[in-house]
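# based on what follows, work out the 3D shape:
(2 chains)
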Amino acid sequence: MALLVIEDLAKTYDKVTALAGINLSVEAGEFVTLLGPSGSGKTTLLMSLAGFTTPSKGTIRLDGKNITHVDPEDRNFGFVFQGYALFPHLTVANNIAFSLRVRKWEKAKIAARVTEMLSLVGLDNLAERKPRELSGGQQQRVAIARALAFGPRILLLDEPLSALDRMLRETMQKELKRLHRETGVTFVYVTHDQEEAIAMSDRIAVFNHGRIVEVGPPRDLYKKPSTRFVAGFLGENNFLSGHRADDDETMVEAFGTRFGFAPLRGHRERPGDTLTVWVRPEDIRIGQATGDEIGFRATVVENSFVGAVERILLKTVDGEEMVATLRSEAAVAAAPGQVVDCRIHPSAIGVLPGEASGS
Amino acid sequence: MRNFKTTALLLTVPASLVAIGLYAAPILQVLALSLTEPKLGLANYQSLFANAAVGRVVMTTLKVSVMTTVLTVLASYIVAFAIIHMSAGWRRISLFLVLMPFWISVLVRAFSWITILRRRGVLNSTLMDLGIISTPLDLVYNLFGVTIGMVHYMMPFAILLLYANLSDIDRRIMQAARSLGARPATIFWRIWLPLSLPGIALATLFVFVFSLGFLVTPALLGAGKTLMIAEYISVQISSTSRWDLATSLSTMLLLVVGIIVFAAMRSPALRAAFVARPQQ
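Numbers count the residues shown, from 1 in each chain, chains lettered A, B, ... in the order given. Have a look, this model is predicted:
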């Protein structure tokens, strides 16, 4: 059985629905990310898990026991706050020892545990510093060490990296992955940054308008999203309009051509119905199509160098714009104004029901 | 930038002149009088220490000021702590109520306390009618009455100072403490109280210094029986014309207050109150 089971959880504030019908299970040792735009309900769910927010409806079970209305201090969950919320008047060591003193551990045991936690997060020399004497990254490590010190069943993290600069954020992502691996603690992580979610999570639950839109491993959500929202929110994507071929249930027409496609699960499009076709920028290549590949012609609108790749803005003959990312040498031929041959492997194309422009 | 700075400095000149003319100059005159009246020297100060009446007045002043400070800060902390935990609407109403005494003159407030506390006052007659006491209690024209009046006067100031300090404290810190297993009492003693020490120190200093030189309330509620320094000085000037005593005592009071403020400002808690907290 899963460690944490959330059933039909809902939260409404004065008729505003923050969460609606959330169902989610978290296995022991998993790294689950709640991902979504601001106001999508992910933080409300995290606060409900911590016990700081009382849900209007539904249950939260830990090891099968209903903990929906248990006080935060009795849940034994670690919590890493946005902005860290360290105790400003206590040293690093006393911040980390706080939960152990509350639990009335013996002095020697507390000292040993604090030393262990300090070395776990690599702050061995800073035990006697006050939080204000530390950099943002160091404060972050203290916050994590403090939340892990008492051996929580679950560590809840609320956008812990949002205040750090980009370089530090990447370092801390690796650190968090390492801590997750080494401690074996279950992580529930909230972020609005999809790159962060993809890089760290075992599974991602994508939130929108107070609901979970899709749950799955990052790879599955990226490669096979089943909603327009997830296809657009996770990674960069091009959406084009297509339609089911008039004469065939398994053929789709887009890019000025037609290609075979498996029937959409759970949807009953009839021939002629409008569809959304998506293709990731990195899956578009320049050159003549060979074999199964879909070939089409497009005009180069703009070509910008962004480091490892070049971003090419293309306009298809239907007038739809799309972005392709190409390695620099492949992009040489793509000067603005030129008409180029493009090719895509059909396996890289996704088809979703409905209009391309809508969500 | 330089021009702007010069202009800004020039703009402070009129206010500075007024402050020097109306504040610094009279003080210097008081100082001068204390050293020259009736003849040049420190004789006035020497006689201050030998004067038993002055000694009694100083003791009374200290006693009232310490009691007022302790009671005011304690009561105000409770009120301020309650206010920051209220919803936004109730907080507005409560702060409005805290500020209301400022509408009423300090004289009126002192007389109101007399009506309530005197032997045939509202409180005593109610208690007697209810049969709780048989003879009226001495609630005013003594230390008790003076202290009540002064606590009442000081509380809005202390509440506002403490409220500003307490509402500055990041509430997520308390959530963090809860997530770490701390119960309300632990959170109060280990987190709230240490974090509010700067506010407590500031309120204590403010109320104590203010109490030392308080005139109107002790004069009315003490009625000459509980005599504090300010009233004593006022009597020396207006009734007995002892300028030597009045000016030297005034100078001593100013000096003592200056030393207290200077010493207090060196304490870590008060320094923290004046240094802007770094934003997270």
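# which residues touch the closest residue in space to residue B:53 that isn't next to it in sequence?
Leaving aside its chain neighbours, residue B:53 sits nearest to residue B:232 (8.0 Å; criterion: Cβ to Cβ, 6 or more residues apart in numbering or on different chains). C-beta: built from backbone N, CA, C; applies to glycine. By Cβ atoms under 8 Å, 6 or more residues apart in numbering or on different chains, the contact set of residue B:232 is B:53-54, B:57, B:249.
# gap between residue B:232 and chain A?
Separation of residue B:232 from chain A (Cβ to the nearest Cβ, to the nearest Å): 43 Å.
# state the helix or strand in which that residue lies.
Using DSSP states H and E, residue B:232 maps to helix B:229-238.
# that older thread, so which of the contacts of residue B:232 wins on neighbours?
Neighbours here mean other Cβ atoms under 10 Å in any protein chain shown. Within the contacts of residue B:232, the largest count is held by residue B:249, at 24 neighbours.
# switch the contacts of residue B:232 over to TSV; also include secondary structure.
Shown next, in TSV, are those (DSSP: H, G, I helix; E, B strand; the rest coil):
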residue	secondary structure
B:53	helix
B:54	helix
B:57	helix
B:249	helix
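# out of those residues, who's nearest residue B:69?
residue B:57 (18.2 Å; Cβ to Cβ).
# that closest one touches residue B:226, doesn't it?
No. Residue B:57 sits out of contact with residue B:226 when judged by Cβ atoms under 8 Å, with a separation of 9.9 Å.
# need the overlap of contacts for the two.
With Cβ under 8 Å, 6+ apart applied, the contact sets of residue B:57 and residue B:226 do not overlap.
# got the residues of the stretch 1-150 of chain A near chain B?
Applying Cβ under 8 Å from any Cβ of the partner chain, we find that the stretch 1-150 of chain A lies next to chain B at A:50-52, A:71-79, A:81-89, A:98-99, A:102-103, A:132, A:146-147, A:150.
# thinking again about what came up before, how near is the residue nearest to residue B:53 to residue B:211?
Distance, residue B:232 to residue B:211, using Cβ to Cβ, to the nearest Å: 15 Å.
# mind showing which ranges of chain A have poor pLDDT?
A:247-250, A:262-269, A:330-333, A:356-359 (pLDDT under 70).
# and it, what are its domain boundaries?
A:4-230, A:237-353 (automatic domain parsing).
# and the ones you listed as a markdown table, adding mean neighbour count?
As requested, those are arranged in a markdown table below (neighbours: other Cβ atoms under 10 Å in any protein chain shown):
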| stretch | mean neighbour count |
| --- | --- |
| domain A:4-230 | 19 |
| domain A:237-353 | 16 |
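# and those domains as CSV, adding distance to residue B:10?
Shown next, in CSV, are those (distance: least, Cβ to Cβ, whole Å):
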stretch, distance to residue B:10
domain A:4-230, 38
domain A:237-353, 54
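# indicate which one of those is closest to residue B:41.
Short answer: domain A:4-230, nearest of these by Cβ to Cβ, at 51.1 Å.
# how far does the closest one stretch from start to finish?
Terminal residues of domain A:4-230 lie 24 Å apart, using Cα to Cα, to the nearest Å.
# gap between that domain and the chain center?
Chain-centre distance of domain A:4-230: 14 Å, with Cα atoms, centre = their mean, to the nearest Å.
# for residue 35, give me its contacts.
If you meant another chain, say so; for now it's chain A. So residue A:35 contacts A:42, A:191-192, A:194, A:197, A:204-207, A:233-234 (Cβ under 8 Å, 6+ apart).
# oops, I was thinking of chain B
Applying Cβ under 8 Å, 6+ apart, the residues near residue B:35 are B:41-42, B:44.
# chain A versus that one, what's the distance?
In terms of Cβ to the nearest Cβ, residue B:35 sits 47 Å off from chain A.
# pull out the buried positions in the helix or strand harbouring that residue.
For residue B:35, the host element (DSSP H and E) is helix B:25-36. Within helix B:25-36, the residues that count as buried by 16 or more other Cβ atoms under 10 Å in any protein chain shown are B:30-31, B:33-35.
# how is chain B divided into domains?
Split by automatic domain parsing, chain B gives B:1-36, B:52-274.
# how far off centre is the longest one?
The reference is to domain B:52-274. Chain-centre distance of domain B:52-274: 5 Å, with Cα atoms, centre = their mean.
# for it, the averaged confidence score.
Mean per-residue pLDDT for domain B:52-274: 91.
# residues of chain B that sit close to chain A?
Counting by Cβ under 8 Å from any Cβ, the positions of chain B adjacent to chain A are B:170, B:172-173, B:175-183, B:186, B:190-191, B:194-195, B:278, B:280.
# distance of residue A:311 relative to residue A:223?
Taking Cβ to Cβ, one finds residue A:311 at 21 Å from residue A:223.
# now swap in residue A:337 and tell me
From residue A:337 to residue A:223 the distance is 34 Å (Cβ to Cβ).
# how about residue B:204?
65 Å.
# that older thread, are any of the residues of chain B next to chain A buried, and if so which?
Buried among the residues of chain B next to chain A by 16+ other Cβ under 10 Å: B:170, B:172-173, B:175-182, B:186, B:190-191, B:195, B:280.
# next up, phi/psi of residue A:296, please.
Backbone torsions of residue A:296, given as degrees, to the nearest 10, read phi -150, psi 160.
# OK, contacts around it?
Shown in contact with residue A:296 (Cβ under 8 Å, 6+ apart): A:255-257, A:316-317, A:341-342.
# so which of the residues you listed comes closest to residue B:166?
Distance to residue B:166 across these (Cβ to Cβ) is lowest for residue A:316, with 61.9 Å.
# what about the residue lying closest to residue A:226 once chain neighbours are set aside, helix or strand, and which?
Residue nearest to residue A:226 in three dimensions, not counting chain neighbours: residue A:214, with 6.3 Å by Cβ to Cβ, 6+ apart. Per DSSP H and E, residue A:214 falls inside strand A:211-216.
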